[in-house]
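K.L.:
Just the structure for this:
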Amino acid sequence: MSARTGSAPTISGSGLAPRRKRKRDAGIYYAMGLPAALIFAIFYFGPFILNLRYSLVKWDGITDSEFVGLGNFIKLVSDDDLFYKVLGNNLRFTFLVVIFQTLLSLVFAIFLVKNTKTNIALRTLYFFPTILSSVSVGIIWLFLYDPNFGAINLFFNKFGLESLALNWLGSEGSALNAIAFTQVWFHTGQMMVIYIAGLQQIPQELYEAAEVDGASKWQQFRFVTWPMAIPTTIVVMAYTTIQSFRAFDLIFTMTQGGPNNASSIFAVLIYQTVFSELRIGYAAAQSIFFVLVLVFVTVLQRRFLNTRYEK
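P.N.:
Sure, this is the predicted structure:
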C-alpha cells in the first residue's frame, strides 16, 4: 500500500513539469511574436481604422472635414455610374487574366516539370519578365502596341493582315484586353514556378498505376494531375486575382485608365479620386468596396475549386 501511495506523486509531478515549462516558455513566444504584431497594427490595422474613419467624412485633405455618415457609400452605390463601369472593367480584367494566366502557367508547368537542362533554361526564360518592374513592362508594351511604329502592327501589315492592326490602347474596345494580355505575359512564368513545385509533389506511382491500367495522357491529366493540382490552383488563382485588382502600375503607365475610363480599375479610380479630385473621404469609401469585392471574388473561387476537389 505504501509503495502505491508513494508512486502517485511521482506520476503527478512528471505531468506537471511539462505544463509549467509551457507556461514559462509562453512569455518567450509572445515576445518573439510581438514585433510582427506591432508591424501589423501600425502598418495594416491602424491605416484600416483610419481609412474607415475617413470614409464617413467629406474631406479634401486641406480644409476641415465634414461628417456625412454613410453618405459616401450611398452616393457610391446609387449615384455613381463611373463606379459601376470601373467595377465591370475590374471584373472583366480579372476574369481574363485569371483564366488565361492559370491555364498557360499550368500547361507550361506540365511540359517543364522534369528537371532537365533544357527545361531549366526554358523556366528561366519564361520567369524572366517577372523580375522586371511593372513600369518597365508597361513602357515596353506601350511601344509594342503603338499604332504607327509598334512591332505588333508592323507584323500584321507585313503579312497582309492590315485588318488586325488596331489602335490597341487608343480604342475603348481593345484597351483593356491589350493590358490583360500584357499582365498575362508578365506573370505567367511566376505562376508556372508555383505549379511546377506542386506537380513535383505528385507521387510517380500514381502515373505508373494509370499507365498499367491503360490510361491515355489525357486521362492521366484528368484523373491524376488535375485533382492533385487543385490545391496549387487555389493558391495560383487567389494570388492572380489579387495581382489583377492591384495592377495599378501597369495600367497607369500604359493608359492612365483611358480612353474614356475604358481600362480603369479600382486602383486607378481611387488614385484619381484622391489626387485629381481631392475627395479623400469618397476615395476611402471606394477602397472599402474595393476590398469587399476582392474578398468576395477570392472566396467564390476558393469554394468553387474546393467543391471540385471534394468530388
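K.L.:
which helices and strands sit right next to the helix or strand harbouring Glu205?
P.N.:
In this assignment (DSSP states H and E), Glu205 forms part of helix 204-212. If contacts are counted by 3 or more C-beta pairs under 8 Å, 6 or more residues apart in numbering; DSSP states H and E, helix 204-212 sits against helix 217-220. (Each C-beta comes from the backbone N, C-alpha and C, glycine too.)
K.L.:
buried residues in the helix or strand just after the helix it packs on?
P.N.:
Downstream of helix 217-220, the first helix or strand assigned by DSSP H and E is helix 226-245. By 16 or more other C-beta atoms under 10 Å, the buried positions in helix 226-245 come out as 228-229, 232-234, 236-241, 243-245.
K.L.:
before we move on, what about stretch 288-305?
P.N.:
Buried-residue list, stretch 288-305, by 16+ other C-beta under 10 Å: Ile288, Phe289, Phe290, Val293, Leu294, Val297, Thr298, Gln301, Leu305.
K.L.:
ok, now stretch 107-121?
P.N.:
Phe108, Ala109, Ile110, Leu112, Val113.
K.L.:
State the distance from the residue most central in space within the chain to Pro47.
P.N.:
By C-alpha atoms, centre = their mean, the chain has its centre lying nearest to Ile242, at 2.5 Å. Using C-beta to C-beta, to the nearest Å, Ile242 is found at 18 Å from Pro47.
K.L.:
Find the residue closest to Phe248 in space, skipping its chain neighbours.
P.N.:
Ala267 (3.7 Å; C-beta to C-beta, 6 or more residues apart in numbering).
K.L.:
since we're on the one you found, how many residues are nearby?
P.N.:
Residues near Ala267, counting by other C-beta atoms under 10 Å, number 21.
K.L.:
Repeat that for the one 10 residues further on.
P.N.:
One way to gauge burial is a neighbour count; for Glu277, by other C-beta under 10 Å, it gives 11.
K.L.:
Okay, and it sits in which element?
P.N.:
Here Glu277 is assigned to no helix or strand, by DSSP H and E.
K.L.:
Just the pLDDT at it, thanks.
P.N.:
pLDDT for Glu277: 90.
K.L.:
ok so, going back, residues in contact with the residue nearest to the centre of the chain?
P.N.:
Residues counted as contacts of Ile242 (C-beta atoms under 8 Å, 6 or more residues apart in numbering) are Leu294, Thr298.
K.L.:
Apply 7 Å and report the result again.
P.N.:
Leu294 (C-beta atoms under 7 Å, 6 or more residues apart in numbering).
K.L.:
Now do it against Val291, distance only.
P.N.:
For Ile242 relative to Val291 (C-beta to C-beta), the value is 11 Å.
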